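*Asks:* Pasting the sequence and the predicted coordinates here, then a few questions.
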There are 2 protein chains.
Amino acid sequence: MEEGQQQAEDSGQRSEKKYRKGEEHTVFIGNKPFMNYVTGVVMQFTTQRANEVIIKARGKFISRGVDIAEVSTKRFLDNTAEVKDIKIDSEEFENKEGKTVRVSTIEITLSKK
Amino acid sequence: MEEGQQQAEDSGQRSEKKYRKGEEHTVFIGNKPFMNYVTGVVMQFTTQRANEVIIKARGKFISRGVDIAEVSTKRFLDNTAEVKDIKIDSEEFENKEGKTVRVSTIEITLSKK
């Protein structure tokens, strides 16, 4: 099981493309520089005038998603936005070797105060 | 900032001792084998007859905390327990070099259905 876990974590980044269709005001966390995502979140609220922004992450990127939510709201948006809702879930899929692996997901909804 | 982030993540494990005082039915995630934590959560509900179990993790262990919540509820407790609440927050502290670092935290409350 640890092995399956590891494989799932390695593929955490897949989310970036999979989710991107027709979802406005959503930021998908991968392994780009940390500040790219923070800027992305902050700009949704400022230049894009979003009322809500959803941060989505999978596998090992979940920790990063939480960091980005915290830094965006507390340091950059100066508490004008807050965490409104957090959901966690799992997805199962077959890897290249035909083995079923499970990966956890998180969705953090930030909202203007 | 990336550097501060990294340092914060490295110390994510500190939580294990810091939080352990007087908190029943709480499982603190560190780098022990994955199944130790799953067993810990499941046994709180079964042999300890807890109605709620709180999973706490910091820094890079946040992803692991989510994995443990998902595997415990969906695979081992067979959906007799569910995620009731999730909170994220940040803590700041001084590292050995006197530099202030920030670390994210998560608390996942599982509850009997």
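*Replies:* Received, thanks. The model shown is predicted, which means the values in this text are computed figures rather than measured ones.
*Asks:* Please count neighbours and contacts with C-alpha atoms only from this point.
*Replies:* Will do.
*Asks:* Doesn't A:Ser72 lie inside a helix?
*Replies:* Yes. Membership of A:Ser72 in a helix is supported by DSSP: H, G, I helix; E, B strand; the rest coil.
*Asks:* so it makes contact with A:Asn36?
*Replies:* No. Look at A:Ser72 against A:Asn36 with CA atoms under 8 Å: they stay out of range, at 11.1 Å.
*Asks:* higher neighbour count, these two?
*Replies:* Taking other CA atoms under 10 Å in any protein chain shown, A:Ser72 and A:Asn36 do not tie; A:Ser72 has more neighbours (23 against 12).
*Asks:* Apart from its chain neighbours, what residue comes closest to the more buried one?
*Replies:* Distance criterion CA to CA, 6 or more residues apart in numbering or on different chains; nearest residue to A:Ser72, sequence neighbours excluded, is A:Val38 at 5.5 Å.
*Asks:* What's the first helix or strand after the top helix by length along chain A?
*Replies:* Counting by DSSP state H, the longest helix found in chain A is helix A:34-45. The helix or strand immediately downstream of helix A:34-45 is strand A:52-58, counting by DSSP states H and E.
*Asks:* sorry, back to before: got a list of contacts for the longest helix of chain A?
*Replies:* Helix A:34-45 has contacts (CA atoms under 8 Å, 6 or more residues apart in numbering or on different chains) with A:25, A:27, A:29, A:50-53, A:68-69, A:71-72, A:76-77, A:112, B:2.
*Asks:* May I ask which of those has the most neighbours?
*Replies:* Most surrounded of the contacts of helix A:34-45: other CA under 10 Å gives A:Ala69, at 27 neighbours.
*Asks:* which residues touch it?
*Replies:* A:Ala69 neighbours (CA under 8 Å, 6+ apart): A:Val38, A:Ile55, A:Val83, A:Ile108, A:Leu110.
*Asks:* Of those residues, which is the nearest to B:Val103?
*Replies:* Within the contacts of A:Ala69, proximity to B:Val103 (CA to CA) peaks at A:Val38, which comes in at 15.6 Å.
*Asks:* State the distance from the closest one to chain B.
*Replies:* To chain B, A:Val38 is 12 Å away according to CA to the nearest CA, to the nearest Å.
*Asks:* what stretches of chain A score poorly on pLDDT?
*Replies:* For chain A, the stretches flagged by pLDDT under 70 are A:1-23.
*Asks:* Show me the helices in it, by range?
*Replies:* Under DSSP H, chain A gives helices at A:2-10, A:15-18, A:34-45, A:62-70.
*Asks:* thinking again about what came up before, burial measure for the residue nearest to A:Ser72, as a count.
*Replies:* With other CA under 10 Å as criterion, A:Val38 counts 21.
*Asks:* Alright, I will stop here.
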